[in-house]
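Undergrad: Structure, please.
(one chain, ligands or ions: 1)
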Amino acid sequence: MQGRYFIVGGAGFIGSHFCDTLLSEADTGHVTVYDSFQSGKEWHISHHRANPRFSVIRGLVEDIDLLAECMSGHDVVIHLASNPDIARAAVDPEIDFKAGTLLTNNVVEAMRRAKTPRKILYASGSGVYGDTGEVEAHEDYVPMTPISTYGASKLAGEALISAYTYMFDMKGISYRFGNVVGPRQTHGVGFDFVRKLSHNPRELHILGDGRQLKSYIAVSDVVNAVLHAHKTTSDRYSYFNVATGDYVTVTEIAELACQAMGLEPRQVKFVYAGGDRGWKGDVPIVRLKLDRIAATGWVCRQPTRVALQESLAALARELKEHSNDS
Ligand SMILES: NC(=O)c1ccc[n+]([C@@H]2O[C@H](COP(=O)([O-])OP(=O)(O)OC[C@H]3O[C@@H](n4cnc5c(N)ncnc54)[C@H](O)[C@@H]3O)[C@@H](O)[C@H]2O)c1
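TA: Got it, this is the predicted structure:
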């Protein structure tokens, strides 16, 4: 692996794992993190601070002049910055435009102005497909009809990247992740359950009816998929689903969260909010076809259950070790 990487949102959950993997490769030239630290944490990346191949810029993607100036001279942008709270749009409808679509526009426009980097790797999501029911979404075989403003912002981001690669001679890859889990998670269902159980180990409030069925992929598998497709794909613009291919229900996650917290699930009362989904815009069943990413030679190492068990154990540890860290 070669090059100088500019990670927008690099102090966040997934971004910090990109830092770890890239800096473990002897032939990575440099890794620069550009982050506002809104949900990103200093402790996620502090173990790299002394590395001469690593630097951090505290900045907003909204500051397009600073963004363009700082990214100049790099080879590849990994763009991860966005609103982490998918449910918030119900009370703040413009959040995903301002902290999603607009940020992606700024990233590609900064690339155009700066002239380098010429390639972008973009964290999209399964939300671009909308609610496909039991249908497994193949990248090209289902209509793109998001049911959340978060999904709409991811789809708009993909469209902008496709257009910029065509008009301004860049390259880009969009990755439609399923749910991503692992150490340093900053949000998500497992993160919520572990926190709720630490406050009240007798009762756990669960959004929806607990039967929502989704895939949860280990962050290490996501990072490997992204970098593997980056190295093996030379197309101007391409897009991949990235998930495990197996699924668990939210009630199963609640049981695993109890175990990670040292609790016997039968002794915790599960209280369901009801309805078939967690919030307006939530997609209760997410199934993604994975033939395209598999054809690049990428192999998912951890099935959903194992990825969840490891991430919940890490979250329980981090709750004790880092609850006061910035
Ligand atoms: N975690 C998942 O399950 C998942 C699933 C699908 C897609 N994604 C996408 O992957 C990306 C990374 O997700 P994550 O879970 O690591 O989230 P995260 O919130 O931990 O990381 C995002 C980072 O971006 C930074 N950021 C946000 N707004 C910014 C701004 N205006 N200027 C500068 N920095 C800003 C935050 O401080 C944070 O460090 C996001 O785009 C997310 O939508 C995540």
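Undergrad: pLDDT score for the closest residue to Asp35 other than its chain neighbours?
TA: Closest residue to Asp35 apart from its sequence neighbours, by Cβ to Cβ, 6 or more residues apart in numbering: Ala11 at 4.0 Å. All C-beta atoms are positioned from the backbone trio N, CA, C, and that covers glycine. Per-residue confidence (pLDDT) for Ala11: 98.
Undergrad: SS state for Ala11?
TA: Under DSSP: H, G, I helix; E, B strand; the rest coil, the three-state class of Ala11 is coil.
Undergrad: which helices and strands sit right next to the worst-scoring helix or strand of the chain on mean pLDDT?
TA: Every helix and strand of the chain was ranked by mean pLDDT, DSSP states H and E. The lowest is strand 213-214, at a mean of 90. On a contact count with 3 or more Cβ pairs under 8 Å, 6 or more residues apart in numbering; DSSP states H and E, strand 213-214 meets strand 248-249.
Undergrad: Pull up the pairing partners for the strand it packs on, direction included.
TA: According to DSSP bridges, strand 248-249 forms sheet pairs with strand 213-214 (antiparallel).
Undergrad: And the contacts of the partner strand?
TA: Gly178, Asn179, Tyr247, Val248, Thr249, Pro284, Ile285, Val286 (Cβ atoms under 8 Å, 6 or more residues apart in numbering).
Undergrad: What does the closest residue to Ala316 other than its chain neighbours show for phi and psi?
TA: Nearest residue to Ala316, sequence neighbours excluded (Cβ to Cβ, 6+ apart): Ala260, at 4.7 Å. Backbone torsions of Ala260, given as degrees, to the nearest 10, read phi -60, psi -30.
Undergrad: ok, Ala260 - how many residues close by?
TA: 22 (other Cβ atoms under 10 Å).
Undergrad: Next up, the contacts around it.
TA: Val194, Gln309, Leu312, Ala313, Leu315, Ala316.
Undergrad: rerun that using 7 Å as the cut-off
TA: Val194, Leu312, Ala313, Ala316 (Cβ atoms under 7 Å, 6 or more residues apart in numbering).
Undergrad: all helices of this structure, in order?
TA: 13-24, 42-45, 64-71, 95-96, 102-114, 149-167, 189-199, 219-232, 250-260, 291-294, 304-321 (DSSP state H).
Undergrad: I'd like those helices laid out as JSON lines, including distance to Asp35.
TA: Below are those laid out as JSON lines (distance: least, Cβ to Cβ, whole Å):
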{"stretch": "helix 13-24", "distance to Asp35": "7"}
{"stretch": "helix 42-45", "distance to Asp35": "9"}
{"stretch": "helix 64-71", "distance to Asp35": "11"}
{"stretch": "helix 95-96", "distance to Asp35": "18"}
{"stretch": "helix 102-114", "distance to Asp35": "12"}
{"stretch": "helix 149-167", "distance to Asp35": "18"}
{"stretch": "helix 189-199", "distance to Asp35": "19"}
{"stretch": "helix 219-232", "distance to Asp35": "17"}
{"stretch": "helix 250-260", "distance to Asp35": "28"}
{"stretch": "helix 291-294", "distance to Asp35": "27"}
{"stretch": "helix 304-321", "distance to Asp35": "19"}
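Undergrad: Nothing else from me, thank you.
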